[in-house]
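> Here's my sequence, what's the structure:
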Amino acid sequence: MAELPPADEPEPAAIPIEGVLDLHAFDPREVPSLVRDYLEACRERGILEVRLIHGQGTGALRETVHAALRRLDWVEGFGLAGESAGGWGATIARLKPIGG
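Here you go, the predicted model:
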């Protein structure tokens, strides 16, 4: 019989891999590994442009996202999204293809 997680720990949520990740619902401490894992999954599916929604707020979450992106050598580049894609509240990351 499969073991259930303790009642006080929620089950991990499945995140659809479609090239857009909204980070509002996640604990900021999880964001660096979440961004890395999500971008890896996107690359595996050939999705090479990803929108990361961090909100405008104080800029702390945006800087956490940007710091995570800087550490990944397969991130070709990134910048704030255009106004129609979230402006200061989102970052567009361009990824290098696997094997590229």
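> most centrally placed residue in the protein?
Residue closest to the mean C-alpha point of the chain, counted by C-alpha atoms, centre = their mean, is Val35 at 3.3 Å.
> In a strand, it, correct?
No: counting by DSSP: H, G, I helix; E, B strand; the rest coil, Val35 is not part of a strand but helix.
> for it, what are its contacts?
Neighbour list for Val35: Leu21, Leu23, Leu52, Val65, Ala68, Leu69 [criterion: C-beta atoms under 8 Å, 6 or more residues apart in numbering]. C-beta: built from backbone N, CA, C; applies to glycine.
> Okay, now the unreliable bits of this protein?
Along the chain, the parts satisfying pLDDT under 70 run over 1-13, 100.
> CA atoms of the helix or strand where Val31 lies as CSV?
Using DSSP states H and E, Val31 maps to helix 31-44. Output of helix 31-44 as CSV, limited to C-alpha atoms (Å, rounded to 0.1, in the frame of the first residue of the first chain):
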residue,chain,number,x,y,z
VAL,A,31,11.5,29.8,-6.3
PRO,A,32,15.2,29.3,-7.3
SER,A,33,14.8,25.5,-7.6
LEU,A,34,11.3,25.8,-9.0
VAL,A,35,12.5,28.1,-11.8
ARG,A,36,15.4,25.8,-12.6
ASP,A,37,13.2,22.7,-12.7
TYR,A,38,10.5,24.3,-14.7
LEU,A,39,12.9,25.7,-17.3
GLU,A,40,14.6,22.3,-17.6
ALA,A,41,11.2,20.7,-18.3
CYS,A,42,10.5,23.4,-20.9
ARG,A,43,13.8,22.8,-22.6
GLU,A,44,13.0,19.0,-22.7
